[in-house]
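Undergrad: Any chance you could fold what I've pasted below:
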Amino acid sequence: MKRNKTAPHPINLNLQRIKDDGIVVLDDVHGMPTGDEPFVSPDYVICIGHKGHIDLMYDDYQDYSEKYTVSVIFPNHSIRKTMKTNDYLATLIVLDVSVLNDPMLQIINQMRYRFEPLPNVKLDRHEYTEIMNVVDLMRETVRLNLPDRRALMSRQVEFLLRLLGTYRNNKLNEESPDKRVSNQFHSNLKKHANQHHDVEFYANLACLTPKYFSNVIKQETGHNAGYWIRKHIIAEAKMLLHVRHDLPIQAVADMLGFEEQNAFSRYFKRETGMSPTEYREK
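TA: Numbering: from 1, shown residues only. Alright, predicted model coming up:
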């Protein structure tokens, strides 16, 4: 029987469930929630490809999903389909942004600087099977409707992400030296971006000139080093503004290495189109 192409997307059918349950497994995904239009998710999405192929624009970087691929997609990135085969099929694990409050899932932020630039991991058959075994456990947890279901699913997601991180690390260790420059840069961002916002600092850590360093980063990730520094600072700012309502804007600015609140507000508005206060209220 031919599939109804106008059927609502699983994400659109489960918006309230995602908000209420926090972690939701969605099967039988055949495309984007917005069709050919750009989609910007407010949530964390883990996409596991089963068959077929879809070509995507992730912000302005070319990406794809197909059999044996897993993508970890962070909120507020634009994703647009450019081509899709009719047999494309995937499973999505959608995590509401409230998971940031779960200590078990702080691994998400720890993985940000490796997966946010390049969300896609191509697995072999064995790795894919192991990932799907974890997904099957998550489905069973939902079916049994246990009282501590969300806590169990948090631990299952944590294990899935650690497993995926191990697979990705193994593959990255086989990459070229220039690839390791890019990976080390994102590791250094995690450690130093709240104090150092300049490309020269990270180039010095890599023992490279700023120009060559930034060219290597662009070659490997599709964007230069300055872009990723800005993305990191804004992502941290959004997280603090969303989760830490007890912090005044000045405190957020201090935590991100801005000497004055006005400087932080100008920086944030330039990158997002709204002030920190407007973003928090929104």
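
Undergrad: Report the mean confidence score over the helix or strand Lys231 falls within.
TA: Per DSSP states H and E: Lys231 is located in helix 225-243. Taken as a whole, helix 225-243 has a mean pLDDT of 86.

Undergrad: residues of the helix or strand just after it that come out buried?
TA: The C-terminal neighbour of helix 225-243 among helices and strands, as given by DSSP H and E, is helix 249-255. Residues of helix 249-255 classed as buried by neighbour count (16 or more other C-beta atoms under 10 Å): Ile249, Val252, Ala253, Asp254. Where C-beta positions appear, they are placed from N, C-alpha and C, glycine not excepted.

Undergrad: and what of stretch 116-134?
TA: 116-123, 127-128, 131-132, 134.

Undergrad: can you tell me the distance between the two ends of it?
TA: End-to-end distance of stretch 116-134 (C-alpha to C-alpha, to the nearest Å): 22 Å.

Undergrad: likewise stretch 54-65?
TA: 5 Å.

Undergrad: And the pLDDT for the closest residue to Met239 other than its chain neighbours?
TA: Nearest-residue entry for Met239: Leu100, 6.4 Å, with adjacent residues in sequence omitted and distances by C-beta to C-beta, 6 or more residues apart in numbering. With respect to pLDDT, Leu100 scores 71.

Undergrad: for the top helix by length along the chain, packing partners?
TA: When the chain is scanned for its longest helix (criterion: DSSP state H), the result is helix 149-172. Secondary-structure packing of helix 149-172 (3 or more C-beta pairs under 8 Å, 6 or more residues apart in numbering; DSSP states H and E): strand 23-29, strand 44-51, strand 69-73, strand 89-95, helix 107-115, strand 120-122, helix 125-144, helix 177-192.

Undergrad: in it, what counts as buried?
TA: Those would be 149-150, 152-158, 160-161, 163-165, 167-168, for helix 149-172 by 16+ other C-beta under 10 Å.
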